[in-house]
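Novice: need a 3D model of the sequence below.
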Amino acid sequence: MARVVVVGGGFGGLASALRLAKLGHAVTVVEERALGGALVPFARDGFAWDAATHTLLPGVVRDLFRKTGRPLEKELDLVQLDCIREHWFEDGSSLVLTAGRTNQHDAVESLGRGLGARWLDHVEAYADDWDVVRRGYAEAPWDPDRPGPDLAARLDSRESLHKRLRRRLPDDRLRLVAAQPFVADGHDVRDVPAWAGLTAYLEQRFGVWAFAGGTGAMLDALVRRLGTRRVEVVSAQVRDVVRRNGRAVAVATTTGDLAADVVVCAVDPRRLPALAESVRRTMPAIPAATTYLGLGGDVPELPHELVVHGDPMLVLRTTGRAPEGHHAWAVQARGRHDDDPVEVLARHGIDVREQVVSRTDLSPRDLVEHWGGTPLGVLWQGRGTVRQRLGPRTPIEGVYAAGAHATPGSGLAYVGLSAALVAQVVGPASSVSRPAAGT
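Specialist: Predicted structure coming up:
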């Protein structure tokens, strides 16, 4: 039985721990905060707001639960949302985007004749990209120095998402829609490779899904599964990976060293001095300033996610949990920070200023401190970024990487895939050899 130490108790760390425990390893998770990371709702005054309100690729979460114990359906309700998101544009037009080819064609066509077909052509062109990225990168361990020719053609392309959108989409509003998930995560679309825009294809093809009870309900299910799989949890701060002859042999923490045959880094690698130099050319993607609102009385009926384009660009999420007769909204703002987001909403006809009974404004720094890191992973800085990330392998023998910093995109689906990759590379307990005594 191999000894595995997972550094970090966010979704990537918990998913890695459960998969490796099911493969027969003796697994310890080290986390200095409460388990869950960005899965932990922000709560205040009886209200609660989730950082992750939905997921793509529900099969990733289903696979995690199925391969570590009881199927997801025995633990949680995962439901498809009718609306992916609604967009409001500065010219007064709007677009409700739902899953499905026909639905998206008809919705986009309402913005202008012929735009529906152009949008579908743009989205469906990503089918080949997803097939290549899925088989060669997202669902299979890959070698950054020797990717297959099809994958290399994507990763080495000089085409940015900005260029592709300018070339394929004739309408400024459609370009805003396609770029929005990346802008919301703090990326400049000029620095995002064109192939990464396949998010639009995943949304159309598979839709978006939410957990009944929010991500807190999923966290509770994962914590119960830790007990079932006999995963030990240690509350401590990790200092570094201990190496001997170039191989990881332990994890140094504030409560002592934990012997390890395998180490999984499920936090920002900058937090581990042994890995920091390997990622010095990357930067973390920083979350948007967020205003958490507790509202009393009647409020406008809005979708779970509304994007108000402009400067600042607002992303309003309306799915928080609240006491009876109240509502919990979260507003993320990108762009100008001198405008009060509640005032911006009022200018767009969503005036809830008199209904605010609880308000908390958190800066990007506040959010990073609250979560213990950023759940958005690595900032895109051009096509070379994908090779500068770590994961699933790292330069240190016996050390692997999972979580937001080891994936090509943010969100539960990509993070869940990274944990599955680590499990594939490490393999069952019988395949892991311990260093010889004294080496």
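Novice: can you tell me the closest non-neighbouring residue to R158?
Specialist: Excluding the flanking residues, the one nearest R158 by Cβ to Cβ, 6 or more residues apart in numbering is R383, at 6.6 Å. Any C-beta I mention is one placed from the backbone N, CA and C, and that applies to glycine too.
Novice: before we move on, which element is R66 in?
Specialist: Using DSSP states H and E, R66 falls within helix 58-68.
Novice: tell me which residues in that helix are buried?
Specialist: Counting neighbours by 16 or more other Cβ atoms under 10 Å, one finds that the buried residues in helix 58-68 are 58, 60-65, 68.
Novice: check these and tell me the two furthest apart.
Specialist: P58 and T68 (16.2 Å; Cβ to Cβ).
Novice: tell me the contacts of the residue nearest to R158?
Specialist: 155-158, 193 (Cβ atoms under 8 Å, 6 or more residues apart in numbering).
Novice: which of those count as buried?
Specialist: Buried among these by 16+ other Cβ under 10 Å: 155, 193.
Novice: and of the contacts of R383, the nearest to D257?
Specialist: L155 (37.9 Å).
Novice: immediately after the helix holding R66, which helix or strand?
Specialist: strand 78-80.
Novice: going on from that following strand, what's the next piece of helix or strand?
Specialist: Next element after strand 78-80 (DSSP H and E): strand 85-88.
Novice: can you read off the pLDDT for the residue nearest to R158?
Specialist: Model confidence at R383, given as pLDDT, is 91.
Novice: the one 3 residues further on too?
Specialist: Among the per-residue scores, V386 shows a pLDDT of 90.
Novice: could you give the separation of the helix or strand hosting it from the chain centroid?
Specialist: Using DSSP H and E, V386 sits in helix 385-388. Chain-centre distance of helix 385-388: 17 Å, with Cα atoms, centre = their mean, to the nearest Å.
Novice: also stretch 226-238?
Specialist: Here the centre of stretch 226-238 is set off from its chain's centre by 22 Å, with Cα atoms, centre = their mean.
Novice: picking up where we left off before, need the buried residues of helix 58-68 in a markdown table (columns: pLDDT and distance to H405).
Specialist: Shown next, in a markdown table, are the buried residues of helix 58-68 (pLDDT from 0 to 100; distance: Cβ to Cβ, whole Å):
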| residue | pLDDT | distance to H405 |
| --- | --- | --- |
| P58 | 95 | 23 |
| V60 | 96 | 18 |
| V61 | 96 | 20 |
| R62 | 96 | 24 |
| D63 | 97 | 21 |
| L64 | 97 | 19 |
| F65 | 97 | 24 |
| T68 | 97 | 23 |
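Novice: and which of those is nearest C265?
Specialist: Of all these, L64 has the smallest distance to C265: 19.0 Å, by Cβ to Cβ.
Novice: close enough to count as contact, that closest one and R19?
Specialist: Yes. Under the criterion of Cβ atoms under 8 Å, L64 makes contact with R19 at 7.1 Å.
Novice: between those two, which contacts overlap?
Specialist: When contacts are counted by Cβ under 8 Å, 6+ apart, L64 and R19 have 419-420 as shared neighbours.
Novice: count the neighbours of S431 for me.
Specialist: Using other Cβ atoms under 10 Å, S431 is surrounded by 10 other residues.
Novice: and if you look at R387?
Specialist: For R387, the tally of surrounding residues (other Cβ under 10 Å) stands at 12.
Novice: is the closest residue to V262 other than its chain neighbours in a bridge, and if so with what?
Specialist: Nearest residue to V262 in three dimensions, chain neighbours excluded: V4, at 4.5 Å (Cβ to Cβ, 6+ apart). Beta-bridge partners for V4, by DSSP bridges, are V27, V262.
Novice: next up, the contacts around V4.
Specialist: By Cβ under 8 Å, 6+ apart, the contact set of V4 is 17, 20-21, 25-28, 260-264, 426.
Novice: ok, which stretches of the stretch 251-400 of the chain are helices?
Specialist: 273-276, 341-347, 364-371, 385-388 (DSSP state H, counting those that start in this stretch).
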